[in-house]
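> Fold the stuff below for me.
(one chain, ligands or ions: 1)
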Amino acid sequence: MSKNESEKSWRLATQMVRGGTMRTGFGETSEAIFMTSGFRYDSAEAAERRFKNEEPGFVYSRFGNPTVEMFEQRMVLLEGAQAARATATGMAAVNAALMCQLKAGDEVVSARAVFGSCRYIVEDLLPRFGIKTHLIDGTDLTAWERAVNARTKVVFLETPANPTLEVIDLPAVAAIAHKHGARVVVDNVFATPVLQKPLQLGADIVVYSATKHIDGQGRCLGGVVLGSEDFIVNELTPYLRHTGPALSPFNAWVMLKGLETLELRVSRMVESAASLADQLAGHPGLAAPTNVPALLYPGRKDHPQYALVQRQMSAGGNMLAFRPNGGKAGTFRFLNALKLVDISNNLGDSKSLITHPATTTHQRLSLEERARLGIGEDLVRLSVGLEDPRDLVEDIAHALEKAG
Ligand SMILES: *Cc1c(COP(=O)(O)O)cnc(C)c1O
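Below you'll find the model as predicted:
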């Protein structure tokens, strides 16, 4: 068995610790950081062959780098993809995954509820280049049926979505897209690669902000795009190579180290998030349910799409959303009364972080559009970290009481 084949037969935890490792002659146990922009060739002929792609080897770190490649190969194993390319940020990954394959005259159908900057790309940026975008309610399969047609090149979505944690039926959307020859691009950040495998559920391309759970300790920005060998090599790689959103070798090393503990961290976060959701549900400090429930957690039976969550995710994730009493003022009092959980818009960190989407991540949207997405003035989004869940419950319950 070649190294690559034995890596594929390993179980997930083993792959995450060892997959993709390339050792130097020094036999280091921890992966080496190749902080080099360029690579030297043994001869002018060798340089010529490398540039012609006639011999393997690195050329320039904008095109590829050993530490970055180790991270890419470990991600390939984790996702069960054929190939991957890393990028400097999650947004660089989303942008490249879309731009590398779209041209004027193509159409894109996207779920309305996506990360703010992703929405900027599909709603504002792509149309400037003659690409027509349709924004729809991703949970409504008839809306997908209506919007996808023969001109649709790409279907884009995020599930669970930020910040309302609505869930989109991946196999159903993929079937609609594929019927018309469109590709499905999934931003899988909220589910994490541990809890949901979009490629197995019909997606063609998966993107991550590695800044989130993959680093998981709030240190570095990074991103990754995964898909078929053909897409990665022939469409994505030339785009990345010539536009240059390369991941730094140092950041790739941090991400590699993050992957070693990803499964452990995500499992623990999910356990804490589930217990927190159960203890907060029905808390008197939460608002009365309107068309938006007082608390949303995909792992709870009262999540509006619990049956779908059960089908496509192995657990409910580490993100929850809830609505404290007293509108925006009450919600701000609640946030300001927290002593442990930090007010911050990042997520997937070992530290629990909470954000008020209406005034931060989603403030760019109109009031009407926010209302349509269920992002009220009282909604908060919590990313559950690795602290003792008892301390988190105490902090949140205490802040709810103080605010109310
Ligand atoms: C954070 C995030 C991004 C962007 O990633 P960056 O690394 O911050 O560029 C994209 N999509 C989702 C769902 C995210 O949470």
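> what number of residues lie near the residue of the chain found nearest the ligand?
At 2.2 Å from the ligand, residue 90 is the closest residue in the chain, using C-beta to the nearest ligand atom. (Glycine included, C-beta is placed from N, CA and C.) Per other C-beta atoms under 10 Å, the neighbour tally for residue 90 reads 24.
> Might one say that it is in contact with residue 215?
No - Residue 90 is beyond contact range of residue 215, at 10.7 Å (criterion: C-beta atoms under 8 Å).
> any common contacting residues for those two?
Common neighbours of residue 90 and residue 215, counting by C-beta atoms under 8 Å, 6 or more residues apart in numbering, are residue 222.
> On the three-state scheme, the most centrally placed residue in the chain is what?
In the chain, the C-alpha nearest the mean C-alpha coordinate belongs to residue 189, at 1.9 Å (C-alpha atoms, centre = their mean). Secondary structure for residue 189, judged by DSSP: H, G, I helix; E, B strand; the rest coil, is coil.
> Kindly report the same for residue 321.
strand.
> Show me what it bridges to in the sheet.
residue 296, residue 381 (DSSP bridges).
> Contact partners for it?
163-165, 295-297, 379-382.
> ranges for the strands of the stretch 201-350 of the chain?
With strands called from DSSP state E, counting those that start in this stretch, the stretch 201-350 of the chain shows them at 205-209, 223-227, 295-296, 319-322, 342-343.
> how much space between residue 175 and residue 145?
10 Å (C-beta to C-beta, to the nearest Å).
> got it, and residue 198?
Taking C-beta to C-beta, one finds residue 198 at 20 Å from residue 145.
> Does the ligand have contacts with the strand with the most length in the chain?
For the chain, the longest strand by residue count, based on DSSP state E, is strand 152-158. Yes - for strand 152-158, a contact with the ligand is found by C-beta under 6 Å from any ligand atom, at residue 158.
> One more: stretch 229-247?
No - interface with the ligand: stretch 229-247 contributes nothing (C-beta under 6 Å from any ligand atom), its closest point being 10.0 Å away.
> residues of that stretch that come out buried?
231-232, 235-237, 239-240, 245-247 (16 or more other C-beta atoms under 10 Å).
> Could you check how far stretch 118-134 is from the centre of its chain?
20 Å (C-alpha atoms, centre = their mean, to the nearest Å).
> Please disregard the earlier target; I meant stretch 136-152.
The answer for stretch 136-152 is 22 Å, by C-alpha atoms, centre = their mean.
> what sits up against that stretch?
105-113, 132, 134, 155, 157, 159, 161, 166-169, 172-173, 176-177, 179-182, 305.
> so does stretch 106-116 get close to the ligand?
Yes - with C-beta under 6 Å from any ligand atom as the criterion, the ligand is reached by stretch 106-116 at residue 115.
> Repeat that for stretch 182-200.
Yes - Stretch 182-200 reaches the ligand (C-beta under 6 Å from any ligand atom) through 187, 189-190.
> Contacts only, for the residue nearest to residue 385 when sequence neighbours are not counted.
Of all residues not flanking residue 385 in the chain, residue 352 sits nearest, at 3.9 Å (C-beta to C-beta, 6 or more residues apart in numbering). Residue 352 makes contact with 340-342, 382-385, 387, 392 under the criterion C-beta under 8 Å, 6+ apart.
> Looking at the chain, which helix is longest?
helix 262-280 (DSSP state H).
> Now tabulate the residues of stretch 182-200 next to the ligand in a markdown table and tack on pLDDT.
Listed next are those as a markdown table, based on pLDDT from 0 to 100:
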| residue | pLDDT |
| --- | --- |
| 187 | 98 |
| 189 | 97 |
| 190 | 97 |
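> Output the residues you listed in a markdown table; the columns should cover distance to residue 287.
Compiled in a markdown table, these are given as follows (distance: C-beta to C-beta, whole Å):
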| residue | distance to residue 287 |
| --- | --- |
| 187 | 29 |
| 189 | 27 |
| 190 | 23 |
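> Tell me the residues of the protein that contact the ligand?
Counting by C-beta under 6 Å from any ligand atom, the residues of the chain near the ligand are 89-91, 94, 115, 117-118, 158, 162, 187, 189-190, 209, 211-212, 221, 223.
> buried stuff in the helix or strand residue 372 falls within?
For residue 372, the host element (DSSP states H and E) is helix 367-373. Residues 370, 373 are the ones in helix 367-373 that count as buried (16+ other C-beta under 10 Å).
> got a list of contacts for that helix?
112-113, 164, 358, 362, 365, 376.
> CA atoms only: put that helix into PDB for me.
These are the backbone C-alpha positions of helix 367-373, laid out as PDB (Å, rounded to 0.1, in the frame of the first residue of the first chain):
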ATOM      1  CA  LEU A 367     -34.000  46.400   8.700                       C
ATOM      2  CA  GLU A 368     -36.500  44.700   6.400                       C
ATOM      3  CA  GLU A 369     -34.000  42.200   5.100                       C
ATOM      4  CA  ARG A 370     -32.900  41.400   8.600                       C
ATOM      5  CA  ALA A 371     -36.500  40.900   9.600                       C
ATOM      6  CA  ARG A 372     -36.900  38.500   6.700                       C
ATOM      7  CA  LEU A 373     -33.900  36.500   7.900                       C
END
